[in-house]
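Visitor: Got a predicted structure here, sequence first:
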Amino acid sequence: MLVIAVQTGSLDGPAGSGGSVGWAGRRHDDDRPDASSGATSAELFDAVFHALHDGEQVALGFDCPLTLAVAPDQASVVTEADADALVNRAEPAAARPGITELGHLLGELGTWRPWTTVSTSLSRWKANTSILVWEAVPAEGSGPVTASAAADSFFRQLQTAAEPGPEEAATGTVVNLAAATARRAGLFVDASELGRPAVSITVRDG
């Protein structure tokens, strides 16, 4: 298992343009901090691609919102919408920091590994899904999320992290930006995830 966290605050240029993309992570059997790290989108793609090629699962975290709230007057519309309509509703957020980088990475995987499966559900990912996309959320009162702290927090909380409860996961109240990005990239993602929040991990130092 390879866990990587991306610091979206480090993005200083369009995805794929050679701009700085700070990321760090490690494998489940390696306790060294920042055992895997890089500073470009190309390095990030290489790390994810080679891990998948070697048969590893990848958990990819971003310190930006992966869920888009739906206005109350639009909730009924989204509830009745099909998967493509949900993806279209997420389109305006595609240029946001982090979502742009995720789109570039998944787009490349769509070209080189179109059979890759993506999930934002911890339970589905544990059932041998290739990539989990998760949201790194800073602990209350803490500073900005760092990539190494996010990766460490994922490992510490992996066994106890919970999926969003029914009240949080009511279809038609949110659009899952990560799931929509994966679907737009041509990768397989369960359509039911498009209207549910992505799993989140609270990041604590130490």
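Guide: Looks like it came in fine.
Visitor: Quick one: residues contacting F188.
Guide: Listed by CB atoms under 8 Å, 6 or more residues apart in numbering, the contact partners of F188 are W115, T116, T117, V118, A182. Bear in mind the C-beta positions are built from the backbone N, C-alpha and C, glycine included.
Visitor: quick one, helices of this protein?
Guide: Using DSSP state H, the helices of the chain run over 41-53, 75-80, 83-90, 99-112, 122-126, 147-157, 177-184.
Visitor: any residues touching the lengthiest strand in the chain, and which ones?
Guide: Longest strand in the chain by number of residues (criterion: DSSP state E): strand 131-138. Contacts of strand 131-138 from elsewhere in the structure, counted by CB under 8 Å, 6+ apart, are 5, 48, 52, 57-67, 102, 109, 116-122, 125, 144-145, 150, 153-154, 178-179, 182, 198-203.
Visitor: now the residue nearest the centre of the chain, nearest residue through space, not along the chain?
Guide: The residue lying closest to the centre of the chain (CA atoms, centre = their mean) is V133, at 2.7 Å. Sequence neighbours aside, A178 is the residue nearest to V133 in space, at 4.1 Å (criterion: CB to CB, 6 or more residues apart in numbering).
Visitor: pretty sure that neighbour contacts L102?
Guide: Yes: using CB atoms under 8 Å, A178 is in contact with L102, at 6.5 Å.
Visitor: Looking at those two, which is more packed in?
Guide: When neighbours are counted by other CB atoms under 10 Å, A178 comes out ahead of the other of A178 and L102, with 32 against 25.
Visitor: I'd like to know how far that one sits from P197.
Guide: Using CB to CB, to the nearest Å, we find A178 at a distance of 10 Å from P197.
Visitor: Identify the contacts common to these two.
Guide: Residues touching both A178 and P197 (CB under 8 Å, 6+ apart) are L66, T120.
Visitor: what about the residue nearest to Q7 when sequence neighbours are not counted, distance to L86?
Guide: Of all residues not flanking Q7 in the chain, G22 sits nearest, at 4.3 Å (CB to CB, 6+ apart). G22 sits at a distance of 30 Å from L86 (criterion: CB to CB).
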